[in-house]
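Asks: here is the input, now give the coordinates:
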Amino acid sequence: MSALTVAPLLDRDEPEIGPAPVPCAARPSTGFVHRDGACRCFTGGPAPELAPSARPEARRTHLALAR
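Replies: Okay, the predicted model is just below:
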């Protein structure tokens, strides 16, 4: 008999992966997404959120004002 013990995958301390963000159908050119599933803006559903940047280093940490 083998001494190998197999542990179930459910014991791992990994975060659960939620649904993938869905683009907002009511505002397609804005980059808004719905994290809770399909867009329901036309029927009074929850508001969309701005999608996170694909490159975190591309986020601006300040604003440059033109004079």
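
Asks: residue 21 against residue 38, yeah?
Replies: No. With contact defined as CB atoms under 8 Å, residue 21 does not reach residue 38; the gap is 11.1 Å. Any C-beta I mention is one placed from the backbone N, CA and C, and that applies to glycine too.

Asks: can you pull out the helices in this structure?
Replies: Counting by DSSP state H, the chain has no helices to list.

Asks: tell me where the model's unsure across it.
Replies: Flagging of the chain using pLDDT under 70 yields the residue ranges 1-18, 54-67.

Asks: which parts of the protein are strands?
Replies: Using DSSP state E, the strands of the chain run over 22-23, 32-34, 49-50.

Asks: relative to residue 42, which of the ones you listed is closest?
Replies: With CB to CB as the criterion, residue 42 lies closest to strand 32-34 of those, at 12.2 Å.

Asks: which neighbours does the closest one have in its sheet, and in what orientation?
Replies: strand 22-23 (antiparallel), strand 49-50 (antiparallel) (DSSP bridges).

Asks: what's in contact with it?
Replies: Applying CB atoms under 8 Å, 6 or more residues apart in numbering, the external contacts of strand 32-34 come out as 21-24, 40, 45-46, 48-51.

Asks: out of these, who's the most crowded?
Replies: Among the contacts of strand 32-34, the one with the most neighbours (other CB atoms under 10 Å) is residue 48, at 23 neighbours.

Asks: nearest spatial neighbour of it, chain-adjacent residues omitted?
Replies: residue 32 (3.6 Å; CB to CB, 6 or more residues apart in numbering).

Asks: beta partners of that neighbour?
Replies: Counting by DSSP bridges, residue 32 forms beta bridges with residue 50.

Asks: tally of neighbours for it?
Replies: 19.

Asks: over to residue 41?
Replies: 15.
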